[in-house]
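K.L.:
Have a look at this prediction, sequence included:
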Amino acid sequence: MSKEGFSISLASPHAPGMDGFQKGGIALFALAFLFTLIGLFGPAAQDPALFFYIGFIGSIVGLSIYTVRTYLKRPAGVQNNHIFTSSITNRGLWGWALGIFLTGFYVVLYWGSDEMWNSSPLVLLFNPISQGLFNHPPDRWFLYSFIYTVSILIMGVRAILKYRHSNYQIVRTCSIMFFQLGFAFLIPQFLKAMSQPEYYFSYFWPLDYDLLFPSNVDGMLSNGTIGMWMLINSAILTFIATPILTYFFGKRWYCSWVCGCGGLANTAGDPFRQLSDKSMKAWKIERWMIYSILLFITVLTILLWVNSYLKGGMFGGISHSLTKVYAFLIGQAFAGVVGVGFYPLLGTRVWCRFGCPMAAYLGLLQKYFSRFRITTNGGQCISCGNCSTYCEMGIDVQSYAQRGENIVRASCVGCGICSTVCPRGVLNLENGSTHTDRENNNPITFGNDGVGLNLD
Amino acid sequence: MTEQKHIVIIGNGIAGITAARHIRKRSNHRITVISAETEHFFSRTALMYIYMGHMKFEHTKPYEDWFWEKNRIELKRAVVSKVEPSSNSIIFHSGETMQYDELILATGSASNKFNWPGQDLKGVQGLYSFQDLESMEASTKGIQRAVVVGGGLIGIEMVEMLLSRQIPVTFLVREDSFWNTMLPKEESEMINRHIRSHHVDLRLKTDLKEILSDENGKARAVVTGDGEEIPCQFVGLTVGVHPNISFLKDSGIETDKGILVNKKLQTNFTNIYALGDCAQVQNPMENRKPIEAVWYTGKMMGETVAATICGNPTDYNPGIWFNSAKFFDIEYQTYGYVSAQLKEGEESLFWEAEDGLRSLRIVFDSNSKAVLGFNAFGIRLRHKVCDEWLKNRTSVQEVISNLKRANFDPEFFKKFEREVNFSS
Ligand SMILES: Cc1cc2nc3c(=O)[nH]c(=O)nc-3n(C[C@H](O)[C@H](O)[C@H](O)COP(=O)(O)OP(=O)(O)OC[C@H]3O[C@@H](n4cnc5c(N)ncnc54)[C@H](O)[C@@H]3O)c2cc1C
Ligand code: SF4
Ligand code: SF4
């Protein structure tokens, strides 16, 4: 039934009948993009920055005008029209093109050489910003965090417009934007500018897998009080704050409100969330992978400490190469390249779902110890499948909802989209009063007084 | 566990499939499910989302394809043309026959047509089956205007579908306000306004007289009751449904509008049951209708029959009525009994938010003050709490002072109970 459309818009996949504002926005974007190219390659190469900034700012303003107008033209409410008939959001030609482009970008980002990057016009163009704000020259990671943050901000605005009928989504998206801009971008850059260790307050063990490695700990400690303070902060966040917050709110306090990976998924990735595989098979693979990685990173950290205690006498070579393998396979190839590059092909939370050790840690807490659950509204479910389709974690939400069961899954990141898209008001993210009464495995439709609870 | 029997179920909708699943849970019987429509069970309620591109067909299948084999539920895609209770067999359109020990009829509904001139033209159709959806897809390509006839739940869904493709729609509603045979005046008017805010050409108090044909036998225009001709290339007929039972003529199974069943959902043959849209309950419970063509009752009937067949004879006892829908962006939930016009001895409290997009109505008994029903628009109410209140005949004062308990809106939503002001 699905016919491929030509729309490549991510604002609202289908937006014919453009009015003056929308056309103006798109025109400005096209013009600005041209300026960027001139800045990069054209005769303006003597002063590329000027062209580039005009281009950059112009693109953002143009796209924003278009997006805002497109959403505000329509009354507030769920509008996933044509997501599955549009090429870019349904793994069509444009979806593949974008996927390959993003993946390629990540490959070059991680494995390109320093010389290539540091002399590339793309990085040099960021000189004024980097120097002006932080007083140090940009490198590829500066460029990357800048683009990352701008993506979250712009697509965050889009997410707010799209889900503006849901205060939960508005508040949550603002939180993601705030943590990305402040905690993941500005603070680390300022720290660097003040010659302090670059420290991300919103990333801690085990997402920041090498945080507790002996070398890293030594590094922090060698920075005096501030390093010591960072270390204590990490330990508190990891082992005290995380369990407490997860007990009260589920893993969503982190995955959907703070984390940058989740932040990108829920803003820039929002047009692709429906591509997550919800099959039983995917779920089985997911459980194997994610807990193996958590186990691996834990064992590795312990090994490294034993090793350092024995002054490298025992595992010297092995642990070092294991670290490298992890950094390459998991830290870069998986979290970076596949995690984001494959958004248009595998959905948004591939990394969060199959790879993130932090998600595994939070998930165990959520499943066995938290008060968080998604409750089902009695018998109102019509099994339409919207909730499962739009769950970025590939949870078959509907299979619980249609039985009237609460949803207590380790992988649920509490993004709340299932509740937002449900046309019958069936799902609600709730923090109950205890963690023991969460599961109601009542297999019978609510409202059926004739059939008892217990199968005989 | 009892002796193994062959249970044959005609219809793979929610009623038939729920019965199959629950029979499997409770027993080892051989189960065969027959459908003429699709290979696998899908959610009819989600048809509109396929057209609008929110989902693909595969997303509307509540169970993965391996489910059926794993649970030993045999699927057969065929049309049943006859049932012969005397020999416990059914006859397929192909001439093939099948024996059963117990037969479950769950054949659903068919769209109504009222013998309008032109109702069988190309581009004129109802919306019930997957095939209807396919033909709607084909008939609405590149058209200039569509007309939808009939102001009910499927009608408004069809209007929304067409609008998602930027097709202008004229919506003919015979009554003087949308769905006002079911909705009280204020709610009905709220939906009228909302429909119009989506740029729908809503024509109230207008009915269909005939559909005009072009030279190729395709719809070209409709003519309304007052003689106006509205050019259009697609006509949706959504004037209700009726039980799909025509193939049971001469089978000896008693029917009226639907297949007549007793409290155990048995027909006049003890080993033949009927459930879902096609069943007509002979002595319905107080306040319930003999035919209730909704998803939920199909599900409950399936559970009930499964219990009976598996050796635990159970009466169909559906409890407090509930239902829900969505009118464009406005969600609707109802619990208990709210009729369009208050009955003798009933009173109601009504509140509408200033934005005109949310409302709450509570109906109660004038004498005892016991609550009888809730209607909520743009607000989510907690099923469990409403059900409890209605069952216990809780007084309206108590309900109002505890409204918070019934709030099922997500976090950070405007708390309606703080705004609700019933005095006005
Ligand atoms: C567009 C639409 C939206 C709806 N939305 C809602 C809603 O939001 N909420 C709600 O409560 N209800 C809704 N309904 C109604 C709801 O879908 C029905 O009440 C429900 O699906 C009925 O289920 P059933 O199992 O009785 O029959 P059906 O789902 O109709 O299944 C019957 C099956 O039997 C097959 N069959 C029939 N006769 C034969 C034969 N002779 N041989 C072989 N196979 C046969 C048919 O092909 C069909 O597949 C909606 C209906 C439609 C059409
Ligand atoms: S189950 Fe719902 S809240 Fe949880 S991740 Fe999926 S869509 Fe988000
Ligand atoms: S919970 Fe809501 S979205 Fe999910 S299947 Fe049920 S009605 Fe549809």
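P.N.:
Great, that's in hand. Ligands and ions are numbered 1, 2, ... in the order given.

K.L.:
Show the average pLDDT along stretch B:52-63.
P.N.:
Here stretch B:52-63 scores 97 as its mean pLDDT.

K.L.:
Let's see that stretch as PDB, backbone CA atoms only.
P.N.:
Provided in PDB are the C-alpha atoms of stretch B:52-63 (Å, rounded to 0.1, in the frame of the first residue of the first chain):
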ATOM      1  CA  MET B  52      -2.700   8.500   6.400                       C
ATOM      2  CA  GLY B  53       0.800   7.000   6.400                       C
ATOM      3  CA  HIS B  54       1.100   6.700  10.200                       C
ATOM      4  CA  MET B  55       1.600   3.000   9.900                       C
ATOM      5  CA  LYS B  56       2.000   0.200   7.300                       C
ATOM      6  CA  PHE B  57      -0.300  -2.700   7.200                       C
ATOM      7  CA  GLU B  58       2.200  -4.900   9.000                       C
ATOM      8  CA  HIS B  59       2.100  -2.500  12.000                       C
ATOM      9  CA  THR B  60      -1.600  -3.100  12.500                       C
ATOM     10  CA  LYS B  61      -1.100  -6.800  13.100                       C
ATOM     11  CA  PRO B  62      -1.200  -7.300  16.800                       C
ATOM     12  CA  TYR B  63       0.700 -10.500  16.700                       C
END
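
K.L.:
quick one: it near chain A?
P.N.:
Yes - residues of stretch B:52-63 contacting chain A under CB under 8 Å from any CB of the partner chain: B:52-57, B:59-63. Every residue, glycine included, has its C-beta placed from N, CA and C.

K.L.:
Would you mind measuring from B:L162 to ligand 2?
P.N.:
Per CB to the nearest ligand atom, to the nearest Å, B:L162 is found 29 Å from ligand 2.

K.L.:
Now rank the residues of stretch B:52-63 next to chain A by neighbours and give me the top one.
P.N.:
B:H54 (28 neighbours; other CB atoms under 10 Å in any protein chain shown).

K.L.:
hang on, that one packs against A:N80?
P.N.:
Yes - look at B:H54 against A:N80 with CB atoms under 8 Å: they come within range, at 4.3 Å.

K.L.:
Nearest to chain B within the stretch 51-200 of chain A, name that residue for me.
P.N.:
A:G77 (3.0 Å; CB to the nearest CB).

K.L.:
Which helix or which strand is home to that residue?
P.N.:
A:G77 belongs to no helix or strand when elements are defined using DSSP states H and E.

K.L.:
Need the nearest residue in space to it, chain neighbours excluded.
P.N.:
Here the nearest residue to A:G77 in space, its sequence neighbours aside, is B:D329; by CB to CB, 6 or more residues apart in numbering or on different chains that works out to 3.0 Å.

K.L.:
and that neighbour, how many neighbours?
P.N.:
B:D329: 19 neighbours (other CB under 10 Å).

K.L.:
give the contact list for the closest residue to A:W305 other than its chain neighbours.
P.N.:
Spatial nearest neighbour of A:W305, chain neighbours left out: A:P214 (5.8 Å); criterion: CB to CB, 6+ apart. If you count contacts by CB atoms under 8 Å, 6 or more residues apart in numbering or on different chains, A:P214 has them with A:304-305, A:307-308.

K.L.:
Using PyMOL, define a selection of the buried residues within these.
P.N.:
Of the contacts of A:P214, the buried ones go into a single PyMOL selection, burial set by 16 or more other CB atoms under 10 Å in any protein chain shown:
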select buried, chain A and resi 304+307+308
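
K.L.:
Out of the contacts of A:P214, the closest to ligand 2 would be?
P.N.:
A:L304 (33.2 Å; CB to the nearest ligand atom).

K.L.:
C-terminal to the helix or strand containing the closest one, what's the next element?
P.N.:
Secondary structure assignment for A:L304, by DSSP H and E: helix A:280-309. Taking DSSP H and E as the definition, the helix or strand that follows helix A:280-309 towards the C-terminus is helix A:316-326.
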